[in-house]
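**Student:** pasted the sequence and its predicted model underneath.
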Amino acid sequence: MIEVRWHGRGGHGGFTAARLLGLAASVYGGNYAQAFPSFGPERRGAPVLGFTRIDDKPINDHSQVYSCDVVVVLDESLIGSVDVTKGLKDSGVMLINSHKSPNLFNFNVKAKIYTIDATQIALNILGKPITNTVMLGAAVEVTNFVDIKSVYEAIDSFMDRDLREKNKKAAQTAYEFMRGGNQ
C-alpha cells in the first residue's frame, strides 16, 4: 500500500489534490484508493491535512495515515510550524512547493526531497496561487504510482468544465518539469 500525506492551507486545494489522486488511482488506474481530510479550525489559511491511500487490493484501514511513503507540502511556510517529516519512511519522497533547491532543506530524514515552484506555475497558468493540481502533476512524475493520463481523466470528471483545461495544463507543466529531474 502507498500512503500519501498532503500538507496545505485551507482554500489551497490540498484535499482536492488528495481526492483527485485517489480518483486517478482507482477509477482510472485500476487500483483501490481512499482519500480523506483532517481539519482543525475550518478557516481559509489554517493548516490542513489530506491523505490518500492506494493499493492493488481492497483497503480496510480507515485510520489517519501515520507512516507515509510520500509527503506533499503545498505551502512552504508550513515548514517549521508543522512537522512535515513526521512518519515519513526512509525510502519515502517529500515534494515541497518552493523555489529553493532541495539541498537547502535540512530535514533529518533519508527520504528523497524534491522541490518545484508550484506557486509560480499556478500563477502563470491559473492566475491564482492555488497549487493543488501543480503539486499533483509533480507528485505523479516523481512517484510513478499513477499515470498522468489518469490524472487528466480525474480532473475531467471532478472539476467544473471551465476549470478543467487550465488545471490539466498546470498538472502537465509540473509533470514535465519534474521529468527534468529537479532534485
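**Tutor:** Perfect, thanks for sending it. Numbers count the residues shown, from 1 in each chain.
**Student:** next structured bit after the least confident helix or strand in the chain by mean pLDDT?
**Tutor:** Within the chain, no helix or strand scores below strand 32-39, which has a mean of 89 by mean pLDDT, DSSP states H and E. Later in the chain than strand 32-39, the nearest helix or strand by DSSP states H and E is strand 47-55.
**Student:** could you say what helices and strands that next one packs with?
**Tutor:** strand 2-9, helix 14-26, strand 32-39 (3 or more Cβ pairs under 8 Å, 6 or more residues apart in numbering; DSSP states H and E). In short, each C-beta sits where N, CA and C put it, glycine included.
**Student:** what lies in contact with the least confident helix or strand of the chain?
**Tutor:** 10, 14-15, 18-19, 21-23, 25-26, 46, 48-59, 62, 64 (Cβ atoms under 8 Å, 6 or more residues apart in numbering).
**Student:** among the helices and strands packed on strand 47-55, which comes closest to Asn106?
**Tutor:** Each of those was scored for nearness to Asn106 using Cβ to Cβ, and the closest is strand 2-9 (17.7 Å).
**Student:** now that closest one and strand 32-39, what's the angle there?
**Tutor:** Here strand 2-9 runs at 30 degrees with respect to strand 32-39, directions being taken by axes from the mean of the first three to the mean of the last three Cα atoms, to 10 degrees.
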